[in-house]
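Q: Provided below are the primary sequence and the corresponding predicted coordinates.
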Amino acid sequence: MTEINLIRHGETDWNVEEIFRGQADIQLNEIGTKQAQLVSSYLRNTPIEAVYSSPLKRALKTAEMIADPHNIDVMASNELIDLDYGEWQGLPHEVVKNKYETLYQEWMKTPHLVRIPKGESLGDIRKRAVSLIEQVVAEHEGSTVALVSHRVILKVLICALLGLDNSHFWNIKVDTCGITTFIYQDNSFVIEKLNDTSFLKSIDRPPLSDF
């Protein structure tokens with residue numbers, strides 16, 4: 001049995017301001033750093049053998065804080081890097097909604113059919129992210145592993161491991177530092193926990209919107 005913990009990075013200012021982040025290398029803000037500290041403490045007694053992370057600072061810092069109590073190094077993986085938002089990257093939500101009105105509506109209704117101009121599709125990231133999962137279960141059989149990544153990547157991975165296609169993208173919510181746990185056994189993935197943020201209660205503020 002292999003336990004795979006999918007963890008979203010902590011909050012950034014661009015999360016709060018609803019700016020499309022993508023592969024822009026944004027740092028954690030003060031709350032995001034606190035979230036990362038809390039998830040690290042929460043997982044301190046979990047026997048984590050390996051931590052993989054997107055190479056972007058917001059994910060890598062979160063991953064390093066998770067790995068530190070276990071005295072292990074983080075393995076940065078480009079397969080976990082955020083969706084390339086192309087022309088949308090760095091733009092506020094409302095600007096994209098108005099400037100790319102037709103494509104934005106398609107993104108909200110049929111995300112699996114959309115390719116962001118000069119960017120990626122959900123299908124693109126599904127291929128690379130699932131390939132990493134296959135590598136992880138092959139190399140860490142019987143162990144507990146953490147993968148730290150981004151909202152879009154994790155939503156697509158959760159769909160994939162549940163046997164759902166990317167059209168279900170909006171049926172899943174992943175909050176900053178939320179933990180989703182899968183057990184891999186007998187060539188099958190079983191979800192054990194979805195978007196656990198119970199350890200963030202000391203941050204007395206409602207979660208952000210799904211952005």
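A: Arrived safely, thanks for sending.
Q: the chain: strands as residue ranges?
A: 2-8, 48-53, 74-76, 144-149, 179-185, 188-196 (DSSP state E).
Q: any buried residues in the second one, and which?
A: Looking back up the chat, that one is strand 48-53. 48, 50-53 (16 or more other CB atoms under 10 Å). (C-beta placed from N, C-alpha, C; glycine too.)
Q: so which two of the residues you listed are the farthest from each other?
A: In the buried residues of strand 48-53, two members sit farther apart than any others by CB to CB. They are Ile48 and Ser53, at 12.5 Å.
Q: the protein: helices as residue ranges?
A: 13-16, 30-42, 57-67, 93-99, 101-109, 122-139, 151-161 (DSSP state H).
Q: what's the closest non-adjacent residue to Arg151?
A: Of all residues not flanking Arg151 in the chain, Val174 sits nearest, at 5.3 Å (CB to CB, 6 or more residues apart in numbering).
Q: Ala36 and Glu11: what is the separation?
A: 9 Å (CB to CB, to the nearest Å).
Q: common neighbours of these two, please.
A: Listed as contacting both Ala36 and Glu11 by CB atoms under 8 Å, 6 or more residues apart in numbering are 28, 177.
Q: skip the chain neighbours and tell me the closest residue to Lys34.
A: Ile203 (6.3 Å).
Q: what number of residues lie near that neighbour?
A: Neighbour count of Ile203, defined by other CB atoms under 10 Å: 16.
Q: what residues does it make contact with?
A: Contacts of Ile203 by CB under 8 Å, 6+ apart are 31, 34-35, 38.
Q: same thing with Arg115?
A: Counted by CB under 8 Å, 6+ apart, Arg115 has contacts Ser121.
Q: need the pLDDT of it.
A: We note a pLDDT of 96 for Arg115 in this prediction.
Q: what's the nearest residue to the residue nearest in space to the middle of the chain if we skip its chain neighbours?
A: The residue lying closest to the centre of the chain (CA atoms, centre = their mean) is His150, at 2.9 Å. Distance criterion CB to CB, 6+ apart; nearest residue to His150, sequence neighbours excluded, is Asp82 at 3.9 Å.
Q: isn't that neighbour right next to Arg21, touching?
A: Yes: using CB atoms under 8 Å, Asp82 is in contact with Arg21, at 6.3 Å.
Q: circling back: quick check: the residue nearest to the centre of the chain touching Tyr85?
A: No: counting by CB under 8 Å, His150 sits too far from Tyr85 to count as a contact (10.9 Å).
Q: can you list residues touching both of these two?
A: In contact with both His150 and Tyr85: Arg21, using CB under 8 Å, 6+ apart.
Q: and the pLDDT at the nearest residue to Leu6 once chain neighbours are set aside?
A: Closest residue in space to Leu6, ignoring its immediate chain neighbours: Thr180 at 4.5 Å, by CB to CB, 6+ apart. Listed pLDDT for Thr180 reads 98.
Q: that's all I had, so thanks and see you.
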